[in-house]
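>>> how would this look folded up:
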Amino acid sequence: MECHQKLQARIQEAEDTIQEQHLIIEALVEDKASLLQTIQGLQEDNGAPAPFDDEWEEEPEEDPEEEGLERYSFR
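Next comes the predicted model:
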């Protein structure tokens with residue numbers, strides 16, 4: 001029975017740690033949003049250009065076989 005109680009205590013401790021970490025993460029996310037808003041406001045005040053969005057245009061990957069064939073002329 002003592003083993004069961006120790007296991008229950010360890011489980012409770014782990015759950016408490018997870019809850020604490022969750023609260024820290026929530027606070028960090030709120031801080032990030034606030035900082036981004038502040039940065040955006042400062043950029044607007046200083047006439048800075050709009051920041052890049054997170055979407056990048058990716059160049060299509062070249063086929064290595066086609067790349068090698070470019071050296072040869074086929075007539």
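>>> and the average pLDDT for the helix or strand that contains L7 is what?
Using DSSP states H and E, L7 sits in helix 2-45. Mean pLDDT, helix 2-45: 95.
>>> put the alpha carbons of stretch 31-41 into CSV.
Presented in CSV, the C-alpha positions along stretch 31-41 are these (Å, rounded to 0.1, in the frame of the first residue of the first chain):
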residue,chain,number,x,y,z
ASP,A,31,3.7,38.9,-23.0
LYS,A,32,4.7,38.1,-26.6
ALA,A,33,1.4,39.5,-27.9
SER,A,34,1.9,42.7,-25.9
LEU,A,35,5.5,43.1,-27.1
LEU,A,36,4.5,42.6,-30.7
GLN,A,37,1.8,45.2,-30.4
THR,A,38,4.2,47.6,-28.8
ILE,A,39,6.8,47.0,-31.6
GLN,A,40,4.2,47.4,-34.3
GLY,A,41,3.1,50.7,-32.7
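>>> for that stretch, which positions count as buried?
Judged by neighbour count (16 or more other Cβ atoms under 10 Å), stretch 31-41 contains no buried residues. Quick note: C-beta positions are derived from backbone N, CA and C, even for glycine.
>>> fine by me, thanks again.
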